[in-house]
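A.B. asks: after the sequence you'll find the predicted model.
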Protein chains: 2
Amino acid sequence: MTRALNFNAGPAALPEEVLLQAQKQLLNFNDTGMSVMELSHRSKDYEEVHNGAQAQLRNLLQISNEYEILFIQGGASLQFSMVPMNLLTEGKVGSYVLTGSWSEKALKEAKKVGATSILASTKEENYKSIPQLNLDNLEANAAYLHVTSNNTIYGTQWQSYPDVSVPLIADMSSDILSKSLNINQFGLIYAGAQKNLGPSGVTVVIVKKDLLHTTVDHLPTMLNYQTYSQNNSLYNTPPTFAIYLLKLTLDWVESQGGISAIEQKNNEKAKILYGVIDESNGFYSGHANQNSRSNMNVTFTLPNEESTKEFLTLAKENGFVGLNGHRSVGGCRASIYNAVPVEHVIQLAEFMKKYRQKG
Amino acid sequence: MTRALNFNAGPAALPEEVLLQAQKQLLNFNDTGMSVMELSHRSKDYEEVHNGAQAQLRNLLQISNEYEILFIQGGASLQFSMVPMNLLTEGKVGSYVLTGSWSEKALKEAKKVGATSILASTKEENYKSIPQLNLDNLEANAAYLHVTSNNTIYGTQWQSYPDVSVPLIADMSSDILSKSLNINQFGLIYAGAQKNLGPSGVTVVIVKKDLLHTTVDHLPTMLNYQTYSQNNSLYNTPPTFAIYLLKLTLDWVESQGGISAIEQKNNEKAKILYGVIDESNGFYSGHANQNSRSNMNVTFTLPNEESTKEFLTLAKENGFVGLNGHRSVGGCRASIYNAVPVEHVIQLAEFMKKYRQKG
């Protein structure tokens, strides 16, 4: 059986090497005679996995000791609440940039916690681009500025980040580890693992230590970042197998040459697909403005609803998986995260060209 | 490599058949050319897993349609908060029975949410038993009565449940699926999967539908049970691989003959170990009173600290894993969840007898 041409938006393709390694060790990790899933989370063998994942992430993204790396459950959706619960203190305002459905959801949860504002939004233009920011409009009492680094549904991505005086918070669920990053620009980064980091079930939070000094003992223990930072994310049983797969995926990134090599490959993959769109004389129409295009999710439509539908049907018959746009916007979407091989992207590009010629 | 003699308290031993099946399908589930982890959580293939796990649990525990089955992240520790956040409404009191550290933690989180009371506790006697309840003491305005069905640290277990006029809530993390159960006695049951249900990373909540009618829109979306019940636990990406392993584990229980066959085997396993303790003339001393003994966690000490230590060291050298008592109480603990084979329990019993004869 060959590997599927997997363009799923998340959960998404994982590196074949990672799956093969997990398969090999599934009943016997490190000669323990046990699966990683069967290890105590307080055992040395598991500890090496847990701390190893943190160390490898630190290494790949050059994260200094000023930052903690936390493993939390609940996905980015729980972070929408945890961020304001921990950081949006009395008298402060949480400032949000709206670039799609996920930022809207983040804002909605923050509103339940405290005062919020919208610094910029491209909702009016159906989220085709990342807005220019006027930082003069940022409130003096802003607790933080929240952005969504990559918008899976609309296919847009921040190309660079603003230099702000308050902590910059980023939901990087769909593009963390896809390109080099200056962590020091951020107060807190969170990312559900199921795109570039591993399987669903674990969320990585990278947070500057000095943001964790507020007293938030009134919070539920499991919603307090300090519970995780003070217990090395081992206050209760973590999702051990998901963290193991995270570690294997991080090790794989290193084996590929690290972030810079991955970034180059991601640029190459995106260029192939956007090339087909741009050279199609409008047959394929990209949703995102060129200056805001995502290297992770390429969103496009065909001349009409009918041909979009036919294209998707034919693509499916030809073995391409996950090309349907998000149910909220329709159209087509090719998600080309780190683990999607260039060869699969070339096959999709060829298929798109052939379909256009036929059409 | 033979399988380890795994007596871990959780994460714990999984059925070998489950791991072999997961291994076989790891790169190719259902001829998709993808791992379960790589499937979209909105795909038909995944849906079958998700709904199949619910259906199998319904079948095994004979759960009627008056109950919802939810899959939530965050472990039982997050349920300590979600239960009162959703059910402990203004003017009501959450009533707790304290039978160990986990009930204490559940109470601690409830106190952050609203009014609480303690109906009974065996803390004074170091949690050696499950208390007798005087239900006359239950407040008229009790929102619920909360119990911990099995106490992993102390090795005690409820032998039967009280018939109460308010919803009975049970943390069943460590004994769900180990014996037959009348679900209709309960308002809500929750259980982290990592003992009898599968790997860590998913928590099963079985809740009576009529408890979900209160308006709790002010809650963070991810902490509102209605988010899960209204979206079949697919509001955001669930921990798909953990749920897949849950399904395989449930199917395995059925293949073993269902709950009654499992219960019989669990009784047999517990009898073997308690037999060694009881026939040891006090050499091995069980922590739990006989009428409160757990069939899941057998806790005991040796005549003195030194011999306990030597026993644990020798046991480890002989391949027994996870026999150390919880770090908060010391001593020895053999966790004999569903997936621990009778043969491994017999080996441990033989080892205990031999050590005693030698000592």
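C.D. replies: Noted; the coordinates are in hand.
A.B. asks: restrict stretch A:332-342 to CA atoms and write it as PDB.
C.D. replies: Below are the C-alpha coordinates for stretch A:332-342, written out as PDB (Å, rounded to 0.1, in the frame of the first residue of the first chain):
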ATOM      1  CA  CYS A 332     -10.800  24.100  -2.700                       C
ATOM      2  CA  ARG A 333      -8.000  24.000  -0.200                       C
ATOM      3  CA  ALA A 334      -4.700  22.200  -0.400                       C
ATOM      4  CA  SER A 335      -3.000  22.000   3.000                       C
ATOM      5  CA  ILE A 336       0.700  21.500   2.600                       C
ATOM      6  CA  TYR A 337       2.200  21.300   6.000                       C
ATOM      7  CA  ASN A 338       5.700  20.200   6.800                       C
ATOM      8  CA  ALA A 339       5.000  16.500   6.300                       C
ATOM      9  CA  VAL A 340       3.400  16.700   2.900                       C
ATOM     10  CA  PRO A 341       6.100  15.600   0.400                       C
ATOM     11  CA  VAL A 342       7.100  17.800  -2.500                       C
END
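A.B. asks: what's the mean pLDDT across it?
C.D. replies: In this model, stretch A:332-342 has an average pLDDT of 98.
A.B. asks: look up the closest residue to A:Asn196, ignoring the ones flanking it.
C.D. replies: A:Leu177 (4.5 Å; C-beta to C-beta, 6 or more residues apart in numbering or on different chains). C-betas here are computed from N, CA, C, even on glycine.
A.B. asks: quick one: contacts for that neighbour?
C.D. replies: With contact set as C-beta atoms under 8 Å, 6 or more residues apart in numbering or on different chains, A:Leu177 has these partners: A:Leu60, A:Leu61, A:Asn196, A:Leu197, A:Leu250, A:Val253, A:Ile259, A:Ile262, A:Asn338.
A.B. asks: so which of those is the closest to B:His213?
C.D. replies: A:Leu197 (38.2 Å; C-beta to C-beta).
A.B. asks: how near is the closest one to chain B?
C.D. replies: For A:Leu197, the distance to chain B equals 12 Å [C-beta to the nearest C-beta, to the nearest Å].
A.B. asks: you'd agree A:Met37 is up against A:Ala242?
C.D. replies: No: here A:Met37 lies out of contact with A:Ala242, judged by C-beta atoms under 8 Å, at a distance of 9.9 Å.
A.B. asks: who touches A:Gln23 in this structure?
C.D. replies: A:Gln23 is in contact with B:Gln23, B:Leu26, B:Leu27, counting by C-beta under 8 Å, 6+ apart.
A.B. asks: who touches the last one in this structure?
C.D. replies: Right, B:Leu27. B:Leu27 neighbours (C-beta under 8 Å, 6+ apart): A:Met1, A:Arg3, A:Glu16, A:Leu19, A:Leu20, A:Gln23, B:Met34, B:Ser35.
A.B. asks: nearest residue to the third one in space, ignoring adjacent ones along the chain?
C.D. replies: Pointing back at A:Glu16 there. Using C-beta to C-beta, 6+ apart and skipping the chain neighbours, the partner closest in space to A:Glu16 is A:Arg3 (6.1 Å).
A.B. asks: same thing with the fourth one?
C.D. replies: Closest residue in space to A:Leu19, ignoring its immediate chain neighbours: B:Leu27 at 5.0 Å, by C-beta to C-beta, 6+ apart.
A.B. asks: helix, strand or coil for that neighbour?
C.D. replies: Three-state call for B:Leu27 (DSSP: H, G, I helix; E, B strand; the rest coil): coil.
A.B. asks: make a ChimeraX selection of the buried ones in the contacts of B:Leu27.
C.D. replies: Filtering the contacts of B:Leu27 down to the buried ones (16 or more other C-beta atoms under 10 Å in any protein chain shown) takes a single ChimeraX command:
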select /A:3,19,23 /B:34,35
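A.B. asks: which of the contacts of B:Leu27 lies closest to A:Ala76?
C.D. replies: Closest to A:Ala76, out of all of the contacts of B:Leu27 and judged by C-beta to C-beta, is B:Ser35, at 21.7 Å.
A.B. asks: wait, what's in contact with the closest one?
C.D. replies: A:Leu14, A:Leu19, B:Gln25, B:Leu26, B:Leu27, B:Asn28, B:Phe29, B:Phe241.
A.B. asks: residues contacting the nearest residue to the third one once chain neighbours are set aside?
C.D. replies: So the one you mean is B:Gln25. Nearest residue to B:Gln25, sequence neighbours excluded (C-beta to C-beta, 6+ apart): B:Val36, at 7.0 Å. Residues counted as contacts of B:Val36 (C-beta under 8 Å, 6+ apart) are B:Gln25, B:Phe29, B:Tyr46, B:Val49, B:Thr240, B:Phe241, B:Tyr244.
A.B. asks: as a markdown table, the residues you listed with secondary structure would be great.
C.D. replies: Shown next, in a markdown table, are these (three-state DSSP):
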| residue | secondary structure |
| --- | --- |
| B:Gln25 | coil |
| B:Phe29 | coil |
| B:Tyr46 | helix |
| B:Val49 | helix |
| B:Thr240 | helix |
| B:Phe241 | helix |
| B:Tyr244 | helix |
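A.B. asks: what about those, which one has the most neighbours?
C.D. replies: Highest neighbour count within the contacts of B:Val36: B:Phe241, with 32 neighbours (other C-beta atoms under 10 Å in any protein chain shown).
A.B. asks: and that residue, how far from B:Val36?
C.D. replies: As judged by C-beta to C-beta, to the nearest Å, B:Phe241 and B:Val36 stand 6 Å apart.
A.B. asks: got it, and A:Ala170?
C.D. replies: In terms of C-beta to C-beta, A:Ala170 sits 29 Å off from B:Val36.
A.B. asks: lovely, talk soon.
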